[in-house]
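*Asks:* What follows is a predicted structure for the sequence shown.
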Number of protein chains: 2
Amino acid sequence: MAENRLGQQTLVFRSEPALLASAAIVGPKEGQGPLAEFYDVVTEDSLLGEKSWELAEARMLREAAELAVKKADLKLSDIDLFLAGDLLNQIISAGFVARDVNIPFLGLYGACSTMAESLTLAAILVDGGFADRALAAASSHFETAERQYRFPLEFGAQRNPSAQRTATGAGAAVVAAGGKGPTITHATVGRVVDMGLKDPTDLGGAMAPAAVDTIAQHFRDTGFKPEDYDLIVTGDLAKVGKAVCEELLKRAGLHIADRYNDCGLMLYDHGQDTHAGGSGCACSGVVLCGYLLREMLAGKYRRLLLVGTGALFSPGTYQQNRTIPCIAHAVSIMAPDVVEEA
Amino acid sequence: MAENRLGQQTLVFRSEPALLASAAIVGPKEGQGPLAEFYDVVTEDSLLGEKSWELAEARMLREAAELAVKKADLKLSDIDLFLAGDLLNQIISAGFVARDVNIPFLGLYGACSTMAESLTLAAILVDGGFADRALAAASSHFETAERQYRFPLEFGAQRNPSAQRTATGAGAAVVAAGGKGPTITHATVGRVVDMGLKDPTDLGGAMAPAAVDTIAQHFRDTGFKPEDYDLIVTGDLAKVGKAVCEELLKRAGLHIADRYNDCGLMLYDHGQDTHAGGSGCACSGVVLCGYLLREMLAGKYRRLLLVGTGALFSPGTYQQNRTIPCIAHAVSIMAPDVVEEA
């Protein structure tokens, strides 16, 4: 078997690629949430003075990318590869930002799992000796996503309780060979799981089985136990999906409830009228790049498993009455002191 | 510098990951073209008995993936990772096929450069010891692309002479550690180049400068000369873009005309009324996986440089009057006997 694999789906990064720096930019709604103090920038509105929400989303992604590189004490020209994606058709936010930052680019589509996918590939590139420094990033935007996936906001459609709010923001992280910072030790690449659900207003419920599949596989492949992690955090299952995920894992003999949270529930307060919680590439993107990595450096979490979750559907597949295939990728991250002890 | 890099943008695969097998499936129009005899399957119509063209495209991708694995004398469960993408919103062809083949999946979006992007990542995974066998694939479909990017066919819009025809088909290739077959030796990951063009009916012209940028960088990074290749083949610049690419490279001192072709010109005959030529992920996908790899095994080409080209725009960015950012990735492939001599 290939030397850097464990079990069926897990990759091992033996050189300990480090998250040198990260940056998170969010919109005003996210800036009123419980993690406000952890973001680098909270914008005053969701248009940022641009002519369209799509331009505003790209600007957030570009600024997060530039800021992460600056915080790592590097220039954009020091970065070997840029790995990014978003929710918009033809990942236009990532494509235009790749042009602006002028870094060789591999475009990704993993729906809301994109931050985990880009981190996985960044770790692969650095650990494999293909890059000294890679930049992993993802963005989403409430207004761009609503008009693409659901209804134009002006239509005023009512949302049902299981619906989630697409996070407005962008997260970016620099992954490098050597250097200080939390390290990426493993990644479990997910399979696509489709339980036949078709309701695009309950994506958390649709994605939960994919998260369960990847989390269970991660533990089978690595031999780790839930207790090895201080925190297992899914990307955007939100209220409905998190409960399903927890219950299905319990039935499989994996009790994670005492160390499990979901970025979609961490992003907003209950009183913010976001229905089931947050979603979108930026949901796990900003919670990781803003809050979680800072708290790892502060000693709050020694080891965490980020499980990015994505629903691989489109308005077109919905109109054709097709199901919603889902995916989850897990990225295992260790705080610096844990690495040194190991 | 990272050990498996050359120059600014090129990755080196020292373990010689091999293209064990490949498969190409095309629609009826492509099956009437000059490369007809090289495809594994030519379908009778473009619907394949499915209810929608989108379902037909996914079926082509699935069958190409399954056939490539079968031709490599493997089962789907022998494949460690599936790397694929297509042109449709939210890469639904690749996402649904990833579900069906049940292989851990990394979704890609590189527009028509996707085959080169998936091959690059497959080589990275295999060479880095993260996979024993990876499956790289891409698809596109004339009818699904027309109604998504331009007009529904029923509208009967007239096309201008620089417009290209999106190829209907799918290509897939198994990349493995060890094993026999042409090997991937280098990949030059492209930067996004945007010369300010906005015309979606002249994508070849828009993409040509990106191809030039990557080809010139490939030669700078590796020290190779055009004469080191028997064939340099761009993905889908077609008639307009190929002439621009050739001229711009000539001005940069790189004379490739005597060994240069474009998959978009190889795919169809002049009499097939495809205007400037072919395009789409399947264009370079089926020309590589059907024709070129077979001809390498037959001894016609000893060394070739596949330069996948992609236009990273969407109908939305066109409506917002934005430019068309473009990208090109180059993959260097050697025939087995050349590898043995080296």
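*Replies:* It's in.
*Asks:* mind listing what residue A:302 touches?
*Replies:* Contact partners of residue A:302, counting by CB atoms under 8 Å, 6 or more residues apart in numbering or on different chains, are A:230, A:296, A:334, A:335, A:337, A:338. Placement of C-beta: from N, CA and C, glycine included.
*Asks:* Now for the fourth one: which residues touch it?
*Replies:* Residue A:335 sits next to A:182, A:296, A:297, A:299, A:301, A:302, A:303 when contact means CB under 8 Å, 6+ apart.
*Asks:* Report how many residues lie close to the second one.
*Replies:* Residue crowding around residue A:296 was assessed by other CB atoms under 10 Å in any protein chain shown; the count is 25.
*Asks:* Quick check: it touching residue A:290?
*Replies:* No. Contact criterion CB atoms under 8 Å: residue A:296 and residue A:290 do not qualify, at 12.0 Å.
*Asks:* Tell me which two of the contacts of residue A:335 sit farthest apart.
*Replies:* Spanning the widest gap among the contacts of residue A:335 are A:297 and A:303, at 13.4 Å by CB to CB.
*Asks:* Which one of the two is surrounded by more residues?
*Replies:* Just comparing residue A:297 and residue A:303: by other CB under 10 Å the higher neighbour count belongs to residue A:303, 19 against 16.
*Asks:* for the more buried one, what are its contacts?
*Replies:* A:228, A:229, A:230, A:332, A:333, A:334, A:335, A:338.
*Asks:* tell me the mean pLDDT over the host helix or strand of residue A:337?
*Replies:* Per DSSP states H and E, residue A:337 falls inside helix A:336-341. Summarised as a single mean, pLDDT over helix A:336-341 is 63.
*Asks:* Stretch A:280-296 too?
*Replies:* 98.
*Asks:* Over to it now: how far is its first residue from its last?
*Replies:* Terminal residues of stretch A:280-296 are spaced 23 Å apart (CA to CA, to the nearest Å).
*Asks:* chain center to it: distance?
*Replies:* Stretch A:280-296 sits 7 Å away from the centroid of its parent chain (CA atoms, centre = their mean, to the nearest Å).
*Asks:* Is chain B within reach of that stretch?
*Replies:* No. Counting by CB under 8 Å from any CB of the partner chain, chain B is not contacted by stretch A:280-296; separation bottoms out at 12.2 Å.
*Asks:* That stretch: which residues count as buried?
*Replies:* Residues A:280-296 are the ones in stretch A:280-296 that count as buried (16 or more other CB atoms under 10 Å in any protein chain shown).
*Asks:* and what of stretch A:237-252?
*Replies:* A:237, A:238, A:239, A:240, A:241, A:242, A:244, A:245, A:246, A:248, A:249.
*Asks:* Now do the closest residue in space to the first one that isn't next to it in sequence: how many residues are near it, please.
*Replies:* If you skip the residues right next to it in sequence, residue A:237 has residue A:204 as its closest partner in space, 4.4 Å away by CB to CB, 6 or more residues apart in numbering or on different chains. Using other CB under 10 Å as the criterion, residue A:204 is surrounded by 30 other residues.
*Asks:* OK, now which residue of chain A is nearest to chain B?
*Replies:* Residue nearest to chain B within chain A: residue A:128 (2.9 Å; CB to the nearest CB).
*Asks:* Check what pLDDT that residue gets.
*Replies:* Looking at residue A:128, its pLDDT is 98.
*Asks:* Would you agree it is in contact with residue B:124?
*Replies:* Yes. Contact status for residue A:128 versus residue B:124: in contact at 6.2 Å, counting by CB under 8 Å.
*Asks:* quick one, which of these two is more surrounded?
*Replies:* Using other CB under 10 Å as the criterion, residue A:128 and residue B:124 rank with residue B:124 on top: 28 against 25.
*Asks:* how far away is the closest residue to residue A:226 other than its chain neighbours from residue B:269?
*Replies:* Nearest non-adjacent residue to residue A:226, counting by CB to CB, 6+ apart: residue A:256, 4.6 Å away. Counting by CB to CB, to the nearest Å, the gap between residue A:256 and residue B:269 amounts to 60 Å.
*Asks:* Pull up the gap between residue A:170 and residue B:45, please.
*Replies:* Applying CB to CB to residue A:170 and residue B:45 gives a distance of 44 Å.
*Asks:* Which of these two has more residues huddled nearby?
*Replies:* When neighbours are counted by other CB under 10 Å, residue A:170 comes out ahead of the other of residue A:170 and residue B:45, with 38 against 10.
*Asks:* Let me see the contact set for that one.
*Replies:* By CB under 8 Å, 6+ apart, residue A:170 lies in contact with A:24-25, A:57, A:60-61, A:63-65, A:137-139, A:282, A:285-286.
*Asks:* what do you get for residue A:58?
*Replies:* A:92, A:93, A:96, A:97, A:139.
*Asks:* Residue A:227 and residue A:199: what is the separation?
*Replies:* Per CB to CB, residue A:227 is found 35 Å from residue A:199.
*Asks:* So between these two, which is more surrounded?
*Replies:* Between residue A:227 and residue A:199, counted using other CB under 10 Å, residue A:199 has the larger neighbour count: 13 against 10.
*Asks:* thought the more buried one was touching residue A:205?
*Replies:* Yes. Residue A:199 is in contact with residue A:205 according to CB under 8 Å; the separation is 7.5 Å.
*Asks:* Please enumerate the shared neighbours of these two.
*Replies:* Listed as contacting both residue A:199 and residue A:205 by CB under 8 Å, 6+ apart are residue A:162.
*Asks:* hang on, the earlier thing: inside helices: which ones of the contacts of residue A:58?
*Replies:* Of the contacts of residue A:58, the ones assigned to helices by DSSP state H are A:92, A:93, A:96, A:97.
*Asks:* Do I have it right that residue A:232 meets residue A:257?
*Replies:* No. Judged on CB under 8 Å, residue A:232 makes no contact with residue A:257 at a distance of 9.9 Å.
*Asks:* Give me the three-state assignment for residue A:232.
*Replies:* Secondary structure, DSSP: H, G, I helix; E, B strand; the rest coil: residue A:232 is strand.
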